[in-house]
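Colleague: what follows is a predicted structure for the sequence shown.
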Amino acid sequence: SGVATMAAAVETSSEQLGAAKIKGGGASTLQSGRVIAITRGVNLDNTDWEKQNLKGVAFQQSVLRGCNFKLANLFSASFFDADLSGSTFQGANMQQVNLEMADLSNVDLTGADLTQAYMAGAVIKNLEKIDDTDWSDVDMRKDQRNYLCTIARGKNPKTGVETRDSLMCPD
């Protein structure tokens, strides 16, 4: 399971900055028959989650600046009100991710699949690395969509969807 994978990663990576914090401050809950790790309000700056299965993990109100989520499975994870500034999500599966009120300043979303993500109130200041992202059915404000259309280009390598098309940008 994703939590077992996360726990194993935390156990085996004693140098990892966030390891002790997740073990000490994290919790888990049983929801719909699956265990979901919760790291509410935990500081996990500069931690490395590359290629980890973090499906359904709740990073709500956590501080995750400069983190590496490259190629991670974040399906239905929650970053509600989290500070993600300067983090990378290159090639990550971010389908159905909750980014409500999250700080996405200077985040690298290159090649990420954000299909059906929820972005109400997300901060996208200096969000510029969105090449090859899939934004299909993403719930966001019109001004956010308009801004992203000014910099959108490429095609998502996994879904085959053009970034501009997924944002419904005018031609």
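Modeller: That came in fine, so what should we check first? Numbering: from 1, shown residues only.
Colleague: quick one: Arg145 and Ser166 touch, right?
Modeller: No: applying CB atoms under 8 Å, one finds Arg145 not in contact with Ser166, separated by 10.4 Å. All C-beta spots, glycine's among them, are computed from the backbone N, C-alpha and C.
Colleague: would you map the strands across this protein?
Modeller: 27-31, 34-38 (DSSP state E).
Colleague: nearest residue to Asp131 in space, please, no chain neighbours.
Modeller: Gly154 (4.3 Å; CB to CB, 6 or more residues apart in numbering).
Colleague: list the contacts for that neighbour?
Modeller: Residues near Gly154 by CB atoms under 8 Å, 6 or more residues apart in numbering: Asp131, Asp132, Thr133, Glu162, Thr163.
Colleague: then Lys129?
Modeller: Here Lys129 is in contact with Val107, Asp108, Leu109, Thr110 (criterion: CB under 8 Å, 6+ apart).
Colleague: just the pLDDT for it.
Modeller: pLDDT for Lys129: 97.
Colleague: just want the most central residue of this structure.
Modeller: The centre of the chain sits closest to Met94, judged by CA atoms, centre = their mean, with a distance of 5.7 Å.
Colleague: that one and Gln116 touch, don't they?
Modeller: No: counting by CB under 8 Å, Met94 does not reach Gln116; the two are 9.5 Å apart.
Colleague: distance of Phe80 from Gln96?
Modeller: Distance, Phe80 to Gln96, by CB to CB, to the nearest Å: 13 Å.
Colleague: no, scratch that, I was asking about Lys155
Modeller: Distance, Lys155 to Gln96, by CB to CB: 21 Å.
Colleague: check which residues of stretch 46-57 are buried.
Modeller: Using 16 or more other CB atoms under 10 Å as the test for burial, stretch 46-57 gives Thr47, Asp48, Trp49, Gln52, Asn53, Leu54, Lys55, Gly56, Val57.
Colleague: ok, now stretch 139-154?
Modeller: By 16+ other CB under 10 Å, the buried positions in stretch 139-154 come out as Met140, Gln144, Arg145, Tyr147, Leu148, Ala152.
Colleague: from Val161, how far out is the first one?
Modeller: Here Met140 is placed at a distance of 16 Å from Val161 (CB to CB).
Colleague: now the residue lying closest to Leu167 once chain neighbours are set aside: how far from Ile151?
Modeller: Spatially, and ignoring its direct neighbours in sequence, Leu167 is nearest to Trp135 (4.8 Å; CB to CB, 6+ apart). Trp135 sits 12 Å away from Ile151, going by CB to CB.
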